[in-house]
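Undergrad: need the 3D shape of this:
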Amino acid sequence: MRTDDPLLQVGDDSLPPVRDVLAAIATGLWRWDNASGTVTLDAEAARLLGLPARAQTLSEAGVRSRFHPVDWNEIYGTVQLAVAEGTLAEARLRIMDETGRRVLRTVRSRSKPVMHGATEAYELVGTLQEVTEPAPGTAARTPVTGDWRRSREAFLLDAGRALAEARSTEEVLRVAAGLSMPGFSPDGLAVFGVEGERLTIIGHHGHQPGDDGPFSAMPLDTDYPAAEVVRTGRAVYLSTPEDYRRRYPASWPLASRFERQSWAFLPLTVAGRTMGAWMAAFTYPVSFTPDERSVLTTVVRMLAQALSRAGVAESERELTEGLQRSMLPMLGPQIPGMSVAARYVPTGGGLQVGGDWYDMIPLPSGRIAFVIGDVQGHDVRAAGLMGQLRIALRAYASEGHRPDAVLSRATRFLSGITESITFGSSGTGADGGTAYDPRFATCLYVEADPATGVLEMARAGHPEPAIRMGDGTVLQRPTAGGLPLGIDPDADYPTTRLVLEPGETMLICTDGLIETGGHDLDSGWSRIRAILEEYPGEDAGEGESGGLEQLADSLVQAVHGPSSHHTTGPLADRREDDIAILLLSRTSRPEQRTDARRTVLTIAQAEPERIAGARRHLRDLLHDWADDDQVDSAVLMVSEMLTNVLVHTDGDALMVAEVTGEPGARRLRAEVADGSDDLPHKRRPGELASSGRGLVLMELLAGAWGVDPRGDGKSIWFELYEGDGDGEGGVG
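TA: Reported below is the predicted structural model:
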């Protein structure tokens, strides 16, 4: 050790030399040069480390071998904290023998970093002194007692997980307020931000409303700890009220009324930029040992990262939601005789933009068109294509085209713009040519006549609509359709016509409401059917419009649910796709209300496969019929009547089914009409004949049946009466 070292000199000749003082109190002196990686020890420091008692210089690795590995890791973190804050580094260290298996003694180290200019190089000058370990079972009285390492690590892991899950600034602040630090928990918390040259309060905890008033919009040059932290990027620890009063006399009167005893102000730093400050205030004295400062520093770093992520996420959400809102229309004025409700919910991840949309278009004829669709993808391009396609559909509809013509023009439009966008892009494929990434879209276009309830719809690969009848029965309405838009520019889209009766509600939606949370089309529709059946309709007492709004919220909530940060389990956020919903209800006057169920289906000659859908549709209509055998009989007879029309005529089949009466004594009347004048005749088929048994089945199974000639064809009908067993012998 150099005798001219200024650290060993004193200016008062009446005091003994520092070397003699340190030797008298068995205290060693050491210097750690971070730039060269060497450690200089005096004789006493070398003895305490188990080395020969003489001044010597060792490498960092040589000194590290004398410490317990766990303790070396602890002191390294403490030193880094002291260097960052310019404070003392203090720690207890176990000295090991040459074998590294036996503890020779425990020493206490106290050191002070000395920085070398603006470089990252520094020196640590400190002391070593042997201390006595407390007897087993007697913990030292410190703010962090017991196995503080284990409790601190568990706390930091839990805090890191909770802050990582927080999705908004509000959630981050709520998590920060609920942190229970090991052995020392603050009573008051505040998070300060920066706007221009002023300090702002982002949030606080442990204070009364209005307490933040004097601290809001405080200039950064104010004599206040948080302002100094933001200016300098260095933490401020105030262990006692006297420290606060001495260092910040101007702002002490503002802080004194809270009756706190200790304060820690730490910088919120992200990527080298100080974005604010965090205050932790305590109602009891805290000395802010290196262990306590280490916990606070780790927490504030995680808090800064969480706030930064939340701020970026909120900015993205605001941008994307604004983009999506600008592309989605507002529902128009009220429609006489009808009520409308709509919802759009973006997917739970990514940029939260996608291709789902809905629209409501007044037509020149006085009718109203309702459109819902989904462009493939969940990115900015999908949102852009959605906006263009929505405008094109609105233009075609406003020209007065029928539903089939609107979708035919739309598929040509989408095919054209996706090809032009792809051809003009700068991306290249594997062969060096232009990248090819075509997009398609599903769509359902409905033209509604508010006066009569007539709906004419065309479908392009979209989920079929669902109808909720006045008595709560829900049917998925089979609808003719074609290919999704953009796949075939020459695709055709047949039109389906139905009547929305007074008191009935139609749901059209995108597949995000159906196929999510592990559901397929069948199980997804079952879930939606249950929600629609529970909907009270006009009996809700809040008007049809208010009831529709509640129904729309219920449908979204069944998929969306609260976020996982608030509630875990089956209601966790399960959104996997965008959700768009349109609900259309035909209001009814009291004299129009009836418990009758009525449905109409058309089966085209070119679509015999839809007979299976008609059978399923009839079963849904009779979902609560008392006798399952009668349901089977009705399905068999309807299937027979529809098949006969498609086989023996050249026209389409029109099925009308109606259920009337009180439960337990209801009547089903099913009628199938066609445009042929040829009347069916009862025949007696042979044992091996493949046809000719239709009227025989009707006579055996129906309560009543008949054939009615019409001016433009005929209809064959049957009736079943609930409670008559298999219906045999019933009277019409």
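Undergrad: same for the longest strand seen in the chain, what does it pack against?
TA: With secondary structure taken from DSSP state E, the chain has its longest strand at strand 103-115. With contacts defined as 3 or more C-beta pairs under 8 Å, 6 or more residues apart in numbering; DSSP states H and E, strand 103-115 has these neighbours: helix 69-85, strand 89-96, strand 122-131. Yep, even glycine has a C-beta here, placed from its N, CA and C like the rest.
Undergrad: now the second one: buried residues?
TA: It refers to strand 89-96. Using 16 or more other C-beta atoms under 10 Å as the test for burial, strand 89-96 gives 89, 90, 91, 93, 94, 95, 96.
Undergrad: report pLDDT for the first one.
TA: Residue 89 is assigned a predicted lDDT (pLDDT) of 79.
Undergrad: mind listing what it touches?
TA: Residue 89 is in contact with 75, 78-79, 81-82, 109-113, 124, 126, 290, counting by C-beta atoms under 8 Å, 6 or more residues apart in numbering.
Undergrad: for those residues, which one is nearest residue 384?
TA: The nearest member of the contacts of residue 89 to residue 384, counting by C-beta to C-beta, is residue 81 at 49.7 Å.
Undergrad: starting at the chain centroid, how far to the longest helix along the chain?
TA: If you go by DSSP state H, the chain has its longest helix at helix 290-327. Distance of helix 290-327 from the chain centroid (C-alpha atoms, centre = their mean, to the nearest Å) equals 16 Å.
Undergrad: what strand or helix carries residue 22?
TA: helix 18-24 (DSSP states H and E).
Undergrad: what is the rounded mean pLDDT of that helix?
TA: 74.
Undergrad: how far does that helix sit from its chain's centre?
TA: Averaging C-alpha positions (C-alpha atoms, centre = their mean) puts helix 18-24 66 Å from its chain's average.
Undergrad: give me the buried positions along that helix.
TA: Using 16+ other C-beta under 10 Å as the test for burial, helix 18-24 gives 19, 22, 23.
Undergrad: one more: stretch 400-407?
TA: 401, 403, 404, 405, 406, 407.
Undergrad: repeat that for stretch 34-54.
TA: Buried residues in stretch 34-54 (16+ other C-beta under 10 Å): 34, 39-49, 51.
Undergrad: what's the most distant pair in the residues you listed?
TA: Greatest spatial distance among the buried residues of stretch 34-54 (C-beta to C-beta): 34 and 47, at 24.5 Å.
Undergrad: now tabulate the contacts of residue 89 in CSV and tack on pLDDT and neighbour count.
TA: Below are these laid out as CSV (pLDDT from 0 to 100; neighbours: other C-beta atoms under 10 Å):
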residue, pLDDT, neighbour count
75, 74, 19
78, 75, 22
79, 78, 21
81, 73, 19
82, 77, 22
109, 86, 23
110, 85, 14
111, 86, 22
112, 83, 14
113, 84, 21
124, 86, 19
126, 88, 20
290, 80, 22
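Undergrad: which one of those residues is nearest to residue 173?
TA: Of the contacts of residue 89, the one sitting nearest to residue 173 (C-beta to C-beta) turns out to be residue 81, at 25.1 Å.
Undergrad: give me the distance between that closest one and residue 278.
TA: Distance of residue 81 to residue 278, given as C-beta to C-beta, to the nearest Å: 16 Å.
Undergrad: before we go further, residue 559 is sitting in a strand, right?
TA: No - Residue 559 is assigned helix when assessed by DSSP: H, G, I helix; E, B strand; the rest coil, not a strand.
Undergrad: test my guess that it contacts residue 513.
TA: Yes - using C-beta atoms under 8 Å as the test, residue 559 is close enough to residue 513 to be in contact (6.1 Å).
Undergrad: which residues are contacting the helix or strand where residue 601 lies?
TA: According to DSSP H and E, residue 601 maps onto strand 597-603. Strand 597-603 is touched from outside by 467, 469-471, 473, 475, 478, 480, 496-499, 501, 610-611, 614, 617, 621, 642, 645-646, 652-660, with contacts defined as C-beta under 8 Å, 6+ apart.
Undergrad: and the longest helix of the chain, what does it pack onto?
TA: Where contact means 3+ C-beta pairs under 8 Å, 6+ apart, helix 290-327 is packed against helix 69-85, strand 89-96, helix 148-165, helix 169-177, strand 262-270, strand 273-282, helix 380-398.
Undergrad: re earlier: overlap of the contact sets of residue 559 and residue 513?
TA: residue 579.
Undergrad: looking at those two, which is more packed in?
TA: Between residue 559 and residue 513, residue 513 has the larger neighbour count (other C-beta atoms under 10 Å), namely 27 against 22.
Undergrad: state the mean pLDDT of stretch 336-350.
TA: Mean pLDDT, computed over stretch 336-350, is 77.
Undergrad: same thing with stretch 464-476?
TA: 88.
Undergrad: tell me which residues of that stretch come out buried.
TA: When burial is assessed from 16+ other C-beta under 10 Å, stretch 464-476 yields the following buried residues: 464, 465, 466, 467, 468, 469, 470, 471, 473, 474, 475, 476.
Undergrad: endpoints of that stretch, how far apart?
TA: End-to-end distance of stretch 464-476 (C-alpha to C-alpha, to the nearest Å): 7 Å.
Undergrad: contacts for it, please.
TA: So stretch 464-476 is in contact with 444, 446, 457, 477-479, 481, 500-508, 525, 528-529, 532-533, 535, 537, 588, 593-599, 617, 620-621, 623-624, going by C-beta under 8 Å, 6+ apart.
Undergrad: next, residue 365: secondary structure please.
TA: coil.
Undergrad: excluding its backbone neighbours, what's nearest it?
TA: What sits nearest to residue 365 in space, not counting adjacent residues and going by C-beta to C-beta, 6 or more residues apart in numbering, is residue 400, at 6.8 Å.
Undergrad: list the contacts of that neighbour.
TA: Residue 400 sits next to 363, 364, 365 when contact means C-beta under 8 Å, 6+ apart.
Undergrad: want to throw these into TSV with pLDDT, neighbour count and distance to residue 711?
TA: Listed next are these as TSV, based on pLDDT from 0 to 100; neighbours: other C-beta atoms under 10 Å; distance: C-beta to C-beta, whole Å:
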residue	pLDDT	neighbour count	distance to residue 711
363	91	16	32
364	90	9	33
365	89	10	28
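Undergrad: pick the one among these closest to residue 582.
TA: Of all the contacts of residue 400, residue 582 sits closest to residue 363, with 16.2 Å by C-beta to C-beta.
Undergrad: tell me where the stretch 601-732 of the chain has strands.
TA: With DSSP state E, counting those that start in this stretch, the ranges of strands along the stretch 601-732 of the chain come out as 653-660, 667-674, 704-710, 713-721.
Undergrad: what lines up beside the last one in the sheet?
TA: Right, the one you point to is strand 713-721. Sheet pairing of strand 713-721 (DSSP bridges) gives strand 667-674 (antiparallel), strand 704-710 (antiparallel).
Undergrad: report the angle between the axes of that strand and strand 653-660?
TA: 30 degrees (axes from the mean of the first three to the mean of the last three C-alpha atoms, to 10 degrees).
Undergrad: any chance of the helices and strands packed on strand 103-115 in TSV, plus distance to residue 341?
TA: Formatted as TSV, the helices and strands packed on strand 103-115 follow (distance: least, C-beta to C-beta, whole Å):
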stretch	distance to residue 341
helix 69-85	56
strand 89-96	64
strand 122-131	66
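Undergrad: great, nothing more from me.
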